[in-house]
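Novice: Below are the sequence and a predicted model for it; my questions follow.
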Amino acid sequence: MQEVSRQLTTDEELFCTRYELETLSGIVNDGRLERWLPGFCSEHTNKEHESRYNWVKDFVKDRTVLDIACGTGFGSYKLINEGGAVKVTGFDVDDKTIRYASLRNKHPRLFFEVNDAETFAASNSYDIIVSFETIEHLHKPQSFLKNINAALAGDGQCFISTPIASVDENKNPDNVFHQTEWGFRKFQELVKDFLIVKDIFLQVGSTRDIKTGFFPKLLQKAGLKHADHADESERFNLRKWDPKQLKEDLIGTEWTGYQILQCSKKPNA
């Protein structure tokens with residue numbers, strides 16, 4: 001087992017630097033970012049991802065955790081280092097990304113593996129399964145959800161996030177890495193075939209650039225602030241959805257961002 005304090009060799013450091021430069025090149029030349037890499041993406045993107053892991057880390061203390069599509073591993077490290085998980089395993093389909101994650105995020109109870117979200121069969125069950133911004137990338141989301149349910153402990157919980165589309169199902173998203181994006185209710189219907197949806201959380205902001213009238217009053221009642229330039233950071237916070245405070249038909253249109261489903265195991269799914 002590697003010690004947390006082990007220094008990288010020259011070859012390992014060069015590999016990591018090349019990985020980071022390739023990521024930066026993709027952003028500068030092509031305007032694309034497939035995986036979250038702190039320090040190499042916009043502040044907005046970084047805050048979105050970091051906020052999700054900061055939120056979910058409160059659920060993982062003394063638990064075994066699987067982080068599916070862990071990417072560069074910074075979120076997985078947060079769960080073990082700050083969340084107090086017993087063990088965290090990160091899966092990603094890309095071997096270079098897994099090598100980078102293993103080198104940049106060292107902890108004796110943190111492990112990274114090359115694995116495919118659509119085909120993995122976990123050898124152990126997990127108390128907590130986290131999968132942020134994964135399902136929209138997949139050709140076979142149903143297989144992914146079935147795998148999660150099989151890997152989840154009987155009393156376990158999983159947390160799945162995805163962007164909220166303005167239509168029920170968008171097969172041609174603007175993001176070139178996405179296969180499908182779903183509307184607010186449509187995504188929940190998809191997940192419910194394989195998992196029990198316990199709670200719905202939102203990470204959204206208003207598209208209206210106004211500060212007076214109906215919407216600000218609605219925001220105040222909901223405990224939210226308008227996502228103007230001064231208070232844009234509020235949109236990164238996750239809050240449990242209350243249909244009495246935010247109407248469903250406004251989500252994905254007047255309010256854009258992500259939904260996060262907290263789910264439990266579904267027997268015989």
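Specialist: Okay, I see it.

Novice: wait, isn't residue 62 in contact with residue 83?
Specialist: No - counting by Cβ atoms under 8 Å, residue 62 stays clear of residue 83, with 9.7 Å between them. Every C-beta, even on glycine, is put in place using the N, C-alpha and C of the backbone.

Novice: If you count surrounding residues, which of the two has more?
Specialist: A count of neighbours by other Cβ atoms under 10 Å puts residue 83 above the other of residue 62 and residue 83, at 22 against 9.

Novice: State the pLDDT value of that one.
Specialist: At residue 83, the pLDDT value in this model is 98.

Novice: Now do the strands in this structure.
Specialist: For the chain, the strands defined by DSSP state E occupy 64-68, 87-92, 110-114, 126-132, 152-165, 169-170, 181-183, 195-206, 239-240, 255-265.

Novice: Could you figure out how far the longest one is turned away from strand 126-132?
Specialist: Comparing the axes of strand 152-165 and strand 126-132 via axes from the mean of the first three to the mean of the last three Cα atoms, to 10 degrees yields an angle of 10 degrees.

Novice: elements contacting strand 152-165?
Specialist: Contacts defined by 3 or more Cβ pairs under 8 Å, 6 or more residues apart in numbering; DSSP states H and E place strand 152-165 against strand 126-132, strand 181-183, helix 184-192, strand 195-206, strand 255-265.

Novice: tell me which residues in that strand are buried?
Specialist: 152-153, 156-165 (16 or more other Cβ atoms under 10 Å).

Novice: Farthest pair within those?
Specialist: Greatest spacing in the buried residues of strand 152-165, by Cβ to Cβ: 153 and 165 (31.3 Å).

Novice: coming back round to it: can you add distance to residue 23 and give the strands of the chain back as JSON lines?
Specialist: As requested, these are exported to JSON lines (distance: least, Cβ to Cβ, whole Å):
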{"stretch": "strand 64-68", "distance to residue 23": "19"}
{"stretch": "strand 87-92", "distance to residue 23": "14"}
{"stretch": "strand 110-114", "distance to residue 23": "17"}
{"stretch": "strand 126-132", "distance to residue 23": "18"}
{"stretch": "strand 152-165", "distance to residue 23": "21"}
{"stretch": "strand 169-170", "distance to residue 23": "26"}
{"stretch": "strand 181-183", "distance to residue 23": "23"}
{"stretch": "strand 195-206", "distance to residue 23": "23"}
{"stretch": "strand 239-240", "distance to residue 23": "31"}
{"stretch": "strand 255-265", "distance to residue 23": "22"}
